[in-house]
Structures are given as C-alpha cells and as structure tokens.
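K.L.:
Got a sequence here, can you model it:
(one chain, ligands or ions: 1)
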Amino acid sequence: MASQISDKKRPKKTKKRSRVESVEFERINSLNWNPTLTEKDDDFSFLIGSNELEGGFLCLEEIDESEYNLGIAKSTGGSEEKGKTKPKKQKVDTKNEELNGEAKGESKEEIEEVGKETKQKKKKKKKKKKDKINKDAVNEAEGNEESPAVTDGNDDQEQDSVDETEYYAWNELRLHPLLMKSIYALKFKEPTPIQKACIPAGAHQGKDVVGAAETGSGKTLAFGLPILQRLLEEREKAERQLPENGELDEKVASAGLLRALIITPTRELALQVTDHLKEAARHSNFRVVPIVGGMSSEKQERLLKTRPEIVVGTPGRLWELMSGGDTHLVELHSLSFFVLDEADRMIENGHFHELQSIVDMLPMASKSTDDDSQKSQNCETVSSVQRKKRQTFVFSATIALSADFRKKLKRGSQKSKANDELNSIETLSERAGMRADAAIIDLTNASILANKLEESFIDCREEDKDGYLYYILSVHGQGRTIVFCTSIAALRHISSLLRILGVNVWTLHAQMQQRARLKAIDRFRGHEHGILIATDVAARGLDIPGVRTVIHYQLPHSAEVYVHRSGRTARAHSDGCSIALITPNDTSKFAALCKSFSKDNFQRFPLEMSYMPEVMKRLSLARQIDKISRKDSQDKAKKNWLERSAELMELDLEDNDSEEERVNNHKRKKATSAQLTNLQEELKSLLSRPLQPKTFSKRYLAGAGVSPLLQNQLEELARQKNPNNSGDIRKKMIVIGQDCVEPLQALRSAGPETKLNLKDMAEKRRDITELRRKRKETKKRLREQRRKQKKKLQGKE
Ligand SMILES: Nc1ncnc2c1ncn2[C@@H]1O[C@H](COP(=O)(O)OP(=O)(O)OP(=O)(O)O)[C@@H](O)[C@H]1O
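P.N.:
Model prediction:
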C-alpha cells in the first residue's frame, strides 16, 4: 500500500529529480569503502562482535584538521594511554599551546585576564543562545525558515579560548573536527558511558544499535553523533573524489536527500531532539527539521521543500505527510539512518499503527522475500548495497530486551508476516531492517532508575494527598518541581486548588493546544522555582535543567512510566529526588514497582506534622471556593450551551420558572456569592501570613526554613505591618537558621528509621485484605439475618 501511495502521488518533476539523485547515489556507491578500524584497535569490539564497516565513510586520519581551524587534542601515549588519567597541560602539542595563547609570549596574568573577560562574554552569549534555541524550536516546527544549523562568525573566536586538553576523553571516539567544535561549545568535557559505547559501533563500524541507558544519560547524542559523523565523512569523501574545479562540490553539499529519520513519541521530545542535534550540527551545515502534530502542516510541508538531511518527527504527523505523498519524505531510498527514540513507547497503543505504516515504507534490506520485494517497489532505483547501508538505531531507558532478542532478529522476516503488528521491540526492530549483528548496548543497572536519583514516598489517605502536596510545595519549594498525574481530571483538580492557594503552577497535558503546551514548558523552564503539573505526556525525554523534585501525585500504570517520570530529575551530572504519594489502594501497585526495581526498601519522606493543621485549614477553604466556582462555571457553560443550541435551531428559549422559583434562584445565587466572598476573604487573610507550624512563635520562625513562597508571604506580611515603609523589605527581614531545605536535602538528613521495609508493607497489605474480607463476611451475615427475619415476619402475617 505504501508503495502504491508513493508511486501514484509523486509528481513527474520529482521523478526526474530522483533520477538525477540516484545517479549521484550510484556514484557515491561506486567509491571504495575503507574500514576505519581493525578489530584489534577497537575498544568496543567486545561489545559488538565483528568489525565490518558497511558504507563509505572517511576515516578521521584522512581529514585535514587544519581545514577546520582547530586541532584535536592528542593523547601523548597513543592507544597505550587508554584508561589512564588525562595528560598534563605541558604535554599538549604546540598547536594547542598556540590556541591557549601561551606560545605567543603572553604572561600568565594577561592570559588569566583575557580568560576572565572571555568567560563573561561567553556567559552572555550562552544566555542569548539559549533564548534563541527555544524560539528556534517553535519557529522550525511552524515553518519559519530562519534557523538552519549553521555557525555564525563568532564561533571561531569562541573556539580560540577552548582548552582542548580538557576534552581529552573524546579523543578515542575520533569524532570529526566539526563535531568536536560543537562539543567544545556545549562544554561536554567527556562522553557519557552510552555515548562512549555507541559512537564506535554506530559511527565507525556502521552497526545497527540497540541502546539502553538510564534517563538523562545523553542517549540523544549517542545516536546523533554517529549520524552526523557519518554524514560528514561521506560528504568529505565525495568532495575528495570530485574534480579540482569544485563545480560539483556544491551539488554534493546540498544534495538535499533525506538521510536520517528520527521518530519520537511526543511532540515536545521531537522539538527537543531537533534542538539538540542542531547544536551538535551547528558547524556542519546539515539541516535538522522537526515534523510534529498540533502545528500547521502546510508550513511544515514548506519546510520539507528545503530538503533537510535530518527529519525528527512524531509518527502521526509524519505519516500524514508521507501518505499525502510529500516528496522529500517518501524518497526513502536515500535514508541511511532510521532512529526510534523511546522505542518501547512506540509499540504501545496510539502510536504503532502510524509507525507500522512508516516502517512498511522503508526499503527492505537485502534479505528479500517475495513479499519484501513487493514492498520495496517504491525504491527500485536503489541498489541493494545502498539499502544494506541503512543503519537502525533503537533507544530507550526502559527497553525490555528479551533474552533471545538477537536470535529473533536472526530468524528475520521468514517468521514475521507482513500483517504482523509491531507489538514488540524485536518485531519492530526487525521490520525496520535491523540486522542480526546489531550492537546491543544495555547499560541499565538492575534498578533501571537513574543513579543519582533518591526515591521516597509518603503513605497517606486519598483525601490527604492535596494537603501533603501543598505542604511539600510550600515548605520545600526549592528548585523546579514536576507533579505527575495519571488523569487530566486529577491534574485540573490540583492545579485549580493550588492556584486558589496562591501557588503559581503551569500545566501540561495532551488536550492542550500545541502552542499552549510549548508555552507552558517555556515558562516552566524560565522560572528557577517553577512548578509544572503534568500528565504522562511530559514523562519521557523532556530535558529541563534544574528539575530538583518529581512528585507522583498518582502512581503511573507501569514501572516504565515511573522510571521515565522520575527521570525528569537527576539528569546528566545532577542529583534529584522523587516522592510518591501512596494511598492504601496503591500499596500493592507500589510494592510491585519496588519489586521490579529490585529494591528492598524505599525511604519515607520526612514530614513536619506541626504544619498540617494550618495546611488543612487553608485547604478546606480552597476546596470550598473551588467547589462553588466550579458549580458556577458549570451552570454558566450549561446556559451558554442551551442558548447556542437554541440559536442554531432558530428556537426561542422560554423561561418556564414561576415567579417564586425565580426569586428563590436569585436569593440562592446571592447567598452563594456572599459565601464565596467570605471564604475568599478568610483564605486571603490566612495566605497573607507565612505557613506556620503549630508551635510557631511570631518572633522566631523555625522549622524547615524559608521557601520562596514563604519568603513572599513574609515580605507581604512585613509590607502589611509597615505600609509606609518604601525601603527594601528584604533588608529588614532577618532569617536566622537554615535556608529552605529542598526535598532532596530533607530526605538526606532524615534518619534511616524512615526506611520502609517491603516485608512490613506486605504485612500491612495482608492486614488490610484480611480486614476487608472480614467486613465483607459481616455484611453478608447481616444481610442473611435480615432476609431471614423478613421471611419470618411474612410467614407470621
Ligand atoms: N557528554 C555529555 N556531557 C555532559 N552533558 C551531556 C553530555 N551528553 C549529553 N549531555 C546532556 O545531558 C542531558 C540529558 O541528555 P539526553 O536528553 O540526551 O538524555 P537521555 O538519555 O536521552 O534521557 P531520557 O532517557 O530521559 O530521554 C542533556 O541536557 C544533554 O545536553
């Protein structure tokens, strides 16, 4: 079906262009391919078996670094240096010394002075760049063509101040100088373990890769850098083979074929991956474009007309444009990389139908059956060598790899029927063309959770959840916090309550307009102590620095989602903590979670109970206000709907209420409105004071410290007490003792007695089950007695 679509809908003009492009491809194919590594040299051969290099890419030795105006820091000891600590500065070659300014005869002080100035300038530049990147993501998706991944003139200046010896750890990965330039700009001093393992396999050995590593471990670049590396090598190789006059150079540089297709489950993640790859590709002139739903598809089609080499998208919109015959997207014969990010999410409901259609459009690998050859009709111009060269990358933090994954891949398509659904990673990978010798790199530990993440929980009743949430946000509200809900109804409930309580929150869920979704993330990102209430659309991949705490207001349906939610904190080199609110109904689910993470005990989050009376008082008022406001807006919505419907049907609405009813209604409304005003006044007065523990002394504030919310309230209080004072209120307030303790700190300073043993938990659960059983039996007995008595009475009558 896919081939029919592409054949029928492709306009004639494109066919002509395809022919020109395929000639270009045949030419590239005919180049001699050089293996860059021998198995002996390869540090990672133990991970991936044989070392055949498919495809025609330049080895780094063939690249002239001077062309890029930078030298790669060389290890002094060559391959023997591996595993040793980085060399001292004196050992750096003269090229690096020149870059550092030392060879120019400048004094140390002068260099330090210049270094300071450059640092300040770079700080400003970095901020500007960050703002630009956020705007670019939205611009790109909307089709505003102003942000190709190209460097500006200032980069070389920036480059001069880089001390490349600090990036020594990257040397063994032998990345292209232009990529190293981007890495310097990103200030990533060393590759993360998953990058270290995937780059040799993906970039130098041309392998397919299945990569699993903890959340926030840099998986995006683990597949992104191999793609860029190979594209750069290919471009250079082609350029070298061209005649000296350089006429054809441009053709190769702007061949405009789709080379990499990256699929992610959510729009936000697609935009984020685009940004990240653009940063890595900023010196290499490759275009990276996001194709996501929720934004104008016409604009995105326009963007595709610029023929970007790399497309990052969500399955829905990608398939919409593909099935619509978008010429750039259906010319998949040129595709060298097919990436599934968060692959395990892709096989879940809601994604795999579109994904299946996309995968079916991919030209099949050389192991063709009759069935396959039919499917690949749409790419008859492509040689089998070209097809074979496509690499498949499948990544996630929670890939559930079955033990015989490799075997299943080997058995290949003989087993999987054309109409099989892609309901396992194995089938999906195999159907996408993954080869049996794929490198399987699984760096997840037994618990799957991020290493620097501290897990905790609060066991409470369902009705106390809101109180504990408010408590954590008010008393420990430091750093960014994400609160996860499973349902949109719960999200609406808590965001409404918290807003009434004066806590500024942003929300994110799938029913929001895409623009509002991006705006919410942007605002959250821009606020140091921001609070985001989100459903699981935000669970995967979102990379927002400074998220210190994740709160599971409702437990997710699966352990995988729990891992991804919690993984929004403790990313890269940071730490963080997660707090799960557990009700008696959640205990069995929670115990199952702990079991799947091989955890014997979870830490109980320490609570200062003396705050709770005040918390509950405020909450009770907020709930009443919320109830009245909700009822009011529901009534209004109902009335509006009735009026609109009547207008549409050209009917007149009659008021059938009697005079008495109308008066009563009016009275009721007035009373409700007065009640609302009273409640609001009462809450306002409570909120104007800082949240106080029961033992609070007005003279000395003690307890968990001063959160930003508390700080605001204290300032407000001081202002109210002294309205004539125009000076800086902050200077007049003296806070003695600890600063606000963020949840992670509170958790760490809590003693080991807060740990909950899973055995205790299981016992508690058994007790509850027993209690329920007994209650049920008693009810049954009572019912039986009542029935007998009734029968007796009826018999007497
Ligand atoms: N080599 C590196 N050194 C330091 N930071 C890095 C490095 N590589 C990536 N990062 C940063 O680490 C953060 C997490 O990276 P990324 O989003 O790729 O993680 P991930 O493994 O895909 O996470 P998730 O599983 O949650 O999607 C990003 O902010 C990224 O810029």
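K.L.:
contacts and neighbour counts: CA atoms only from here.
P.N.:
OK.
K.L.:
and the closest residue to the ligand within the stretch 351-500 of the chain, what is it in contact with?
P.N.:
Closest approach between the stretch 351-500 of the chain and the ligand, counting by C-alpha to the nearest ligand atom: Ala397, at 5.0 Å. With contact set as C-alpha atoms under 8 Å, 6 or more residues apart in numbering, Ala397 has these partners: 212-215, 342, 444, 448, 564.
K.L.:
For Ala570, which residues are in contact?
P.N.:
So Ala570 contacts 216, 450-453, 547-548, 576-577 (C-alpha under 8 Å, 6+ apart).
K.L.:
Neighbours of the closest residue to the ligand within the stretch 501-650 of the chain, how many?
P.N.:
Among all residues of the stretch 501-650 of the chain, Gly541 sits closest to the ligand, at 3.3 Å; criterion: C-alpha to the nearest ligand atom. By the criterion of other C-alpha atoms under 10 Å, Gly541 has 27 neighbours.
K.L.:
any idea what it is structurally, helix, strand or coil?
P.N.:
coil (DSSP: H, G, I helix; E, B strand; the rest coil).
K.L.:
OK, contacts around it?
P.N.:
Contacts of Gly541 by C-alpha under 8 Å, 6+ apart are 215-216, 269, 342, 564, 568.
K.L.:
how does this protein divide into domains?
P.N.:
Domain ranges of the chain: 167-239+256-364+388-411+424-442, 450-648+672-694+738-753, 762-794, per the TED database.
K.L.:
Would you mind finding the most buried of these?
P.N.:
Compared across those, domain 167-239+256-364+388-411+424-442 shows the largest average neighbour count, a mean of 22 (mean count of other C-alpha atoms under 10 Å).
K.L.:
re the thing from before, can you lay out the domains of the chain as TSV showing mean pLDDT?
P.N.:
Putting these into TSV (pLDDT from 0 to 100) gives the following:
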stretch	mean pLDDT
domain 167-239+256-364+388-411+424-442	89
domain 450-648+672-694+738-753	90
domain 762-794	87
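K.L.:
Adding distance to Glu661 as columns, could you present the ones you listed in CSV?
P.N.:
Shown next, in CSV, are the domains of the chain (distance: least, C-alpha to C-alpha, whole Å):
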stretch, distance to Glu661
domain 167-239+256-364+388-411+424-442, 47
domain 450-648+672-694+738-753, 16
domain 762-794, 43
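K.L.:
What backbone torsions are found at the residue of the stretch 501-650 of the chain closest to the ligand?
P.N.:
phi 80, psi -30 (degrees, to the nearest 10).
K.L.:
Tell me the residues on the stretch 151-300 of the chain that lie near the ligand, please.
P.N.:
Listed as neighbours of the ligand in the stretch 151-300 of the chain under the rule C-alpha under 6 Å from any ligand atom: 188-192, 215-221.
K.L.:
what about 5 Å?
P.N.:
Counting by C-alpha under 5 Å from any ligand atom, the residues of the stretch 151-300 of the chain lying close to the ligand are 188, 191-192, 215-220.
K.L.:
From the residues you listed, which land in helices?
P.N.:
219-220 (DSSP state H).
K.L.:
With distance to Met616 added, can I get the residues of the stretch 151-300 of the chain next to the ligand in JSON lines?
P.N.:
JSON lines is the format used below for these (distance: C-alpha to C-alpha, whole Å):
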{"residue": "Phe188", "distance to Met616": "46"}
{"residue": "Pro191", "distance to Met616": "48"}
{"residue": "Thr192", "distance to Met616": "46"}
{"residue": "Thr215", "distance to Met616": "36"}
{"residue": "Gly216", "distance to Met616": "37"}
{"residue": "Ser217", "distance to Met616": "40"}
{"residue": "Gly218", "distance to Met616": "42"}
{"residue": "Lys219", "distance to Met616": "43"}
{"residue": "Thr220", "distance to Met616": "44"}
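K.L.:
Between the residues of the stretch 151-300 of the chain next to the ligand, which sits nearest Phe605?
P.N.:
Thr215 (22.6 Å; C-alpha to C-alpha).
K.L.:
so which of the domains of the chain comes closest to Ser161?
P.N.:
Among the domains of the chain, the nearest to Ser161 by C-alpha to C-alpha is domain 167-239+256-364+388-411+424-442 (9.8 Å).
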